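Peer 1: here are the coordinates; sequence isn't available:
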């Protein structure tokens, strides 16, 4: 980056937001602020007539249909509440298959005969909207000329207010379907999968004598992200248009000292975090933790567990809020899985559990898990689900961005396995051997300092190399990418576990029908299931070469990239399960396969075109400029009678690299001029031809960067972007 540009950037950093002594809008009283802009249960109870409130709660808690009169009552109360908070518009907020959210704002106000305006909002407007569906991805479900699509209010996720500097909008979470009823979004299949999982889990609970009538999948998605100065962000076409650096030599210092992790949060970053959290508190997002992550300028935010559907909505709101708040502090929020090569990428660890309507976490082992038949049953069902659905789960986290992350440092491998820890592994070994008789205790950890307390020790350590780890009373799906909507991984996990519970419940019911006792029938079923599916359990180092070999011996899938993983969504067994539980039809699954293939191809194409642009407009001019300066220096030395041997070496090197870089740029540009007869073949072409060509061009460009003088180089470097805060 040129010295003048760097000076200007640093000036911007020092004067960020032009607010010396600025205090972030952290709520003085979180209790009073939390949920202040949410149409919560408390607000509903206060504003709705009792019959309408009861009907709405029955819809939310038990999935009962909402009649028109109740919808009208809710709409009227919603409108009054929103207008009192300054809202003039409402929007049906949905999650199309683009992977982000969508919204169209409509005004509450309409003209009256006497020339005034009146705020109105009917139950019909609340329950259904009709945005144009033609321009959203449909994977062939809809023709381009068939534009009608419907948004359907999701009463299980509370409406909230989006407040900006000069406006407020009532946001109504909705599902999005076509005129034919096909799901065109990520929320609809998630809701269906939650119903399927609840049905099968309740079926199992009844066998164990439980009075529960509903089971809810819960999510707790952690979000990793980078914050860089916006001056640098806007000076990098690749960050601006692709979300990651397509060129960039590694800095002398990266993350090798591990001094960023859990370190002191920089003042500007902390102020940004605090305001983002305050905004999220207002709309009911239960943010719990924030900290520095491992890579320089990398951070993490995590919420408390919620219903999977609400947590998904809140996770999308979290990403949008981080992106919206960061510029106020002269920062840009990068959500890409690998914004910077050579340092850790970003993931979105999806913590998943299930609980019943009696308040019980079904994955809580209790104090004596070896005696807890119900826990062992549900835990075994999850193990079976991951083994049976390895390909489906791997597909659910497959996209171009995550290809840069999976298998790298701090990211799990592409091979799906389950980490149970020492305690549970020992228990399941006992189950397989004939019956669990004991539970390994953690004991007490004596730190060896009299003034410090003795700490209760967990019965097993954690494993950060595992893609799917049991962590006390939940499973952590660590392979999800940081940009992803968690709805798809969550949907696939719900379906996989529903199928597993269904199969195991059917077998258990048959045993009980033959007169076997519950304890004996469960013991036999668990023993058989663990023996069949224990290959998926692995507590070791997922990064090791030995695990790659061992996984192959066990017959586990190793789908190393997106193109290899995507076909798993249209495997016959997957189609059968999704159709059986009425989550997605075969046509809807094939549509998602086509959309994901197209998205992969378009992503790679955008990045490759950006590389060609940056090569021609930024890097080559800088290389030629330096080449000219060195050439003039060598010629001057020769003319002065003192030829420079080292100068000639430098000139030869820059000429060689520049020529090779120019030639590779042309090869990449030519390779992009390609058509394939099918989306599958085109995706393979992008993976096998374009991606390697991009890697070769980057390598040459990065070699040029490290020898071109600072004042000549036109782009912000890693050294600046990662460490100037």
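Peer 2: Perfect, thanks for sending it. All of these numbers come straight from a predicted model, not from anything done at the bench.
Peer 1: did I read that right, residue 280 in a helix?
Peer 2: Yes - judged by DSSP: H, G, I helix; E, B strand; the rest coil, residue 280 forms part of a helix.
Peer 1: contacting residues for it?
Peer 2: Contacts were defined as C-beta atoms under 8 Å, 6 or more residues apart in numbering; by that measure residue 280 touches 287, 314, 317-318, 321. Quick note: C-beta positions are derived from backbone N, CA and C, even for glycine.
Peer 1: let's see that with 7 Å instead.
Peer 2: 287, 317-318, 321 (C-beta atoms under 7 Å, 6 or more residues apart in numbering).
Peer 1: ok, it to residue 163 distance?
Peer 2: Look at residue 280 and residue 163: by C-beta to C-beta, to the nearest Å, they are 12 Å apart.
Peer 1: excluding its backbone neighbours, what's nearest the most centrally placed residue in the chain?
Peer 2: Centroid-nearest residue in the chain: residue 484, 3.4 Å away (criterion: C-alpha atoms, centre = their mean). Closest residue in space to residue 484, ignoring its immediate chain neighbours: residue 348 at 6.0 Å, by C-beta to C-beta, 6 or more residues apart in numbering.
Peer 1: pLDDT below threshold where in the stretch 251-400 of the chain?
Peer 2: Residue ranges of the stretch 251-400 of the chain with pLDDT under 70: 256-257, 367-371.
Peer 1: from the contacts of residue 280, which is closest to residue 381?
Peer 2: residue 318 (30.1 Å; C-beta to C-beta).
Peer 1: ok, that closest one - contacts?
Peer 2: Contacts of residue 318 by C-beta under 7 Å, 6+ apart are 223, 280, 285, 301.
Peer 1: reformat those as TSV; add secondary structure and distance to residue 213.
Peer 2: Putting those into TSV (DSSP: H, G, I helix; E, B strand; the rest coil; distance: C-beta to C-beta, whole Å) gives the following:
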residue	secondary structure	distance to residue 213
223	strand	33
280	helix	32
285	coil	28
301	strand	34
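Peer 1: just the buried ones from those?
Peer 2: For the contacts of residue 318, a burial check counting by 16 or more other C-beta atoms under 10 Å picks out 223, 280, 285, 301.
Peer 1: turn the residues you listed into CSV, including distance to residue 167.
Peer 2: Below are the buried ones among the contacts of residue 318 laid out as CSV (distance: C-beta to C-beta, whole Å):
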residue, distance to residue 167
223, 26
280, 19
285, 20
301, 26
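Peer 1: burial count for the residue nearest to residue 484?
Peer 2: A count of nearby residues for residue 348, using other C-beta atoms under 10 Å, gives 28.
Peer 1: next up, the contacts around it.
Peer 2: If you count contacts by C-beta under 7 Å, 6+ apart, residue 348 has them with 221-224, 480-482, 484, 486.
Peer 1: export these as TSV, with columns for pLDDT and distance to residue 492.
Peer 2: Formatted as TSV, the contacts of residue 348 follow (pLDDT from 0 to 100; distance: C-beta to C-beta, whole Å):
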residue	pLDDT	distance to residue 492
221	95	15
222	94	19
223	95	20
224	95	21
480	95	11
481	94	14
482	95	18
484	95	12
486	96	11
